[in-house]
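*Asks:* Sequence isn't available, so here's the structure alone:
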């Protein structure tokens, strides 16, 4: 059974840093994209960043560009989201997803709370 598991959320002050990780288990597709989405209080889920395993391309939402960095390990089963200079608006549940040709797998989410 394929699954995606996130870790690394927590509480941080504004301007601080936090790193999230996401590991995909049991995915049999050779090529897929792993991405982070987030859902803040009272907001819809939104795209944050993505990593295309096939060629290493990365994409970011404008709101996190230059502050967040997505990367992958050599085995390409884990992606990391390095979050710098966090603001109150970054408070959300962060979800990792593996987007395959015919399936999409979502993690349970990890809470990131930024306090002033």
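*Replies:* That came in fine, so what should we check first? Worth saying up front: this structure is predicted, and the values here are computed from it rather than measured.
*Asks:* Spatially central residue in this protein, please.
*Replies:* In the chain, the centroid-proximal residue (C-alpha atoms, centre = their mean) is residue 36; its distance is 2.8 Å.
*Asks:* List the residues that contact the nearest residue to residue 71 once chain neighbours are set aside.
*Replies:* Leaving aside its chain neighbours, residue 71 sits nearest to residue 80 (5.1 Å; criterion: C-beta to C-beta, 6 or more residues apart in numbering). Placement of C-beta: from N, CA and C, glycine included. Residue 80 makes contact with 19-22, 70-73, according to C-beta atoms under 8 Å, 6 or more residues apart in numbering.
*Asks:* Pick the one among those closest to residue 54.
*Replies:* Distance to residue 54 across these (C-beta to C-beta) is lowest for residue 72, with 11.3 Å.
*Asks:* still on that earlier bit, parallel or antiparallel, which strands does whichever strand or helix holds the residue nearest to residue 71 pair with?
*Replies:* Here residue 80 sits within strand 78-83, counting by DSSP states H and E. Here strand 78-83 is paired, per DSSP bridges, with strand 18-25 (antiparallel), strand 68-72 (antiparallel).
*Asks:* Which one of those lies nearest to residue 95?
*Replies:* strand 18-25 (9.0 Å).
*Asks:* Can you mark which positions in that closest one are buried?
*Replies:* Counting neighbours by 16 or more other C-beta atoms under 10 Å, one finds that the buried residues in strand 18-25 are 18, 20-24.
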